[in-house]
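Asks: Give me the fold of what follows.
(one chain, ligands or ions: 2)
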Amino acid sequence: MRSKWNFIWMLFLASPLCAQTHLKEKMDEKALEIEPKVIEWRRDFHEHPELGNEEVRTAGIVAAHLKALGMEVEEEVAVTGVIGYLKGGKPGPTVALRADMDALPVTERVDVPFKSQVRTVYNGQETGVMHACGHDSHVAILMGLAEVLASMKEDLSGTVKFIFQPAEEGLEDTQAETWGAKQMVEEGVMKDVDAIFGLHINSQTPVGTIKYRSGPAMAAVDNLRIMVKGQQAHGAYPWSSVDPVVTASQIVMGLQTIVSRNVNITEIPAIVTVGSIHGGVRHNIIPEEVEMVGTIRTYSESQQELIHNRINEVASKIAESAGAKAEVGIKKMYPVTYNDPGLTEKMIATLEKVAGQENLVQHDLATGAEDFSFFQKEKPGLFIFLGGMPKDGDPKKAPSHHTPDFYLDESGFILGVRALGHLTLDYLGSK
Ligand SMILES: [Zn+2]
Ligand SMILES: [Zn+2]
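Replies: Residues are numbered from 1 along each chain as shown. Ligands and ions are numbered 1, 2, ... in the order given. A predicted model of the protein is given here:
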């Protein structure tokens, strides 16, 4: 009897299932060991934030770290991006992990010893520079994971591609055609990748929580600009004008009917916002033209197409009815952040194990956007949110991203290392 159990136990030890279990235990131990270094790296990046496509110091530290781990490294990808390849000891697929590196033109108000003192001139205005979206933590988490995975390299089945991406927040030059994830994709970064994982820390989600959503998760963003052209006249003789102010007002009201009357909001919502109207210089002159700019948020390509068409029709036909002309310009910025349902389904068990079932939450559709979406357009991807708010914090009161008081609880980082680490192991092991 005893020898039979011994035999079964020996079989188990030799099985791939057992190897995976050992690897995961090792992963958790190593993650715990690396935590102080992750926090140290993050504080250093926080104190030395760099704007989009200027992440030279950050990229230098990342590249040196990956090289020290024995990885093949590519630098200056899409301006300041860094890529590292960790080839496992066994054959298998390639999984990419992404961290964005850029900071924002925000003046830090948080009183921490590693507070940013960096200042710059942005769009002609003096401002501080701050990691006010938490990308410093993303870089530190991925550097930590790179070290952990490098230590178990021989046991990995496949390749891990570490993508350190610049300029997620966009550039100061709003006329630029490409940057960040889009530019990396154009440079072929996703060609040898089978799947991609990424995370975003969140200052209003408690430490220990992971949020995810299958399918559309964050909105596609398009910039809208409408020029209404009429005919100038004295404000006291409006009958001799084609008034672009009145026409623009009608167009703003008309645009409100697109979401309320053309979109099936029981399926999925959408947003059309006019955020700025400019026209005229003085009380008694009806101007020749009015400029309106706004933002469009959608969650599917068909919905996006419908809304674009309706904006064109509504604006041009209302203008025509007034004898004016509306020139509509829509610039596609970021696609929808779409978590591949098959991949998400496969990875839920992993996330449950890492965070604990009660700490894994499905999030609502987010109206914000992420350029991680460009990677997901190429290959299946999963983008998750990681809690960064102190456990006893109030989500309604915790300072939001992009504000001077933005704050992260560093004890949340280790779950990020473990989550991306376990996703990687399970993905590589599952093929
Ligand atoms: Zn941001
Ligand atoms: Zn961000």
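
Asks: centroid residue for the protein?
Replies: What sits nearest the mean C-alpha location of the chain, by Cα atoms, centre = their mean, is Glu370, with 3.1 Å.

Asks: That one contacts Val336, correct?
Replies: No: Glu370 lies out of contact with Val336 (Cβ atoms under 8 Å); the separation is 9.6 Å. Heads up, the C-betas are built off the backbone N, CA and C, glycines and all.

Asks: is it fair to say the residue nearest to the centre of the chain lies in a strand?
Replies: No: in this structure, Glu370 is coil, not part of a strand, as judged by DSSP: H, G, I helix; E, B strand; the rest coil.

Asks: OK, contacts around it?
Replies: For Glu370, the contact set (Cβ atoms under 8 Å, 6 or more residues apart in numbering) comprises Glu168, His200, Met218, Tyr334, Thr337, Phe383.

Asks: can I get the residues you listed in a markdown table with distance to Gly158?
Replies: Shown next, in a markdown table, are the contacts of Glu370 (distance: Cβ to Cβ, whole Å):
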| residue | distance to Gly158 |
| --- | --- |
| Glu168 | 26 |
| His200 | 25 |
| Met218 | 28 |
| Tyr334 | 29 |
| Thr337 | 25 |
| Phe383 | 21 |
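
Asks: okay, who's weakest in these by pLDDT?
Replies: Of all these, Tyr334 has the smallest pLDDT value, namely 95.

Asks: Find me the pLDDT at Gly208, would you?
Replies: If you check Gly208, the pLDDT there is 98.

Asks: From Ser400, how far out is it?
Replies: Distance, Gly208 to Ser400, using Cβ to Cβ, to the nearest Å: 20 Å.

Asks: who's more crowded, the two?
Replies: Under the criterion of other Cβ atoms under 10 Å, the comparison of Gly208 against Ser400 puts Gly208 first, with 17 against 13.

Asks: Look at the more buried one and give its secondary structure.
Replies: coil.

Asks: in its sheet, what does the helix or strand containing Glu327 sit against?
Replies: Here Glu327 sits within strand 325-334, counting by DSSP states H and E. Under the criterion DSSP bridges, strand 325-334 sits next to strand 220-229 (antiparallel) in its sheet.

Asks: all helices for the chain, in order.
Replies: With helices called from DSSP state H, the chain shows them at 2-14, 16-47, 56-68, 135-150, 180-186, 244-261, 301-321, 341-355, 372-378, 413-429.

Asks: And for Thr178, the neighbour number?
Replies: A total of 16 residues lie near Thr178 under the criterion other Cβ under 10 Å.

Asks: For it, which residues are in contact?
Replies: Contacts of Thr178 by Cβ under 8 Å, 6+ apart are Glu186.

Asks: follow-up on the earlier one: overlap of the contact sets of Glu370 and Val336?
Replies: With Cβ under 8 Å, 6+ apart as the test, Glu370 and Val336 both reach Met218.

Asks: Check which residues of stretch 71-89 are buried.
Replies: 71, 73-75, 77-84, 86-88 (16 or more other Cβ atoms under 10 Å).

Asks: tell me how far the ends of it are from each other?
Replies: 13 Å (Cα to Cα, to the nearest Å).

Asks: residues of stretch 302-321 that come out buried?
Replies: For stretch 302-321, a neighbour-count test (16+ other Cβ under 10 Å) marks Gln303, Gln304, Leu306, Ile307, His308, Arg310, Ile311, Val314, Ala315, Ser316, Ile318, Ala319 as buried.

Asks: returning to that earlier point: okay, the contacts of Glu370 in CSV with neighbour count and distance to Phe406 next?
Replies: Formatted as CSV, the contacts of Glu370 follow (neighbours: other Cβ atoms under 10 Å; distance: Cβ to Cβ, whole Å):
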residue, neighbour count, distance to Phe406
Glu168, 22, 15
His200, 27, 13
Met218, 26, 19
Tyr334, 23, 21
Thr337, 26, 21
Phe383, 23, 20
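
Asks: Nearest to Lys161 among these?
Replies: Of all those, Lys161 sits closest to Phe383, with 16.2 Å by Cβ to Cβ.

Asks: I'd say that closest one and His200 touch.
Replies: Yes: judged on Cβ under 8 Å, Phe383 makes contact with His200 at a distance of 7.0 Å.

Asks: Now do Ala270 against Glu50, distance only.
Replies: For Ala270 relative to Glu50 (Cβ to Cβ), the value is 35 Å.

Asks: Pass me the low-pLDDT residue ranges in the stretch 101-250 of the chain, would you?
Replies: Applying pLDDT under 70 to the stretch 101-250 of the chain picks out no residues at all.

Asks: show me where it has strands.
Replies: 119-122, 125-128, 157-165, 195-206, 210-212, 215-218, 220-229, 233-234 (DSSP state E, counting those that start in this stretch).

Asks: Phe45 is nearest to which of the ones you listed?
Replies: strand 157-165 (11.3 Å).

Asks: Just want the angle from that closest one to helix 16-47.
Replies: 10 degrees (axes from the mean of the first three to the mean of the last three Cα atoms, to 10 degrees).

Asks: packing partners for strand 157-165?
Replies: helix 56-68, strand 81-87, strand 90-100, helix 135-150, helix 180-186, helix 413-429 (3 or more Cβ pairs under 8 Å, 6 or more residues apart in numbering; DSSP states H and E).
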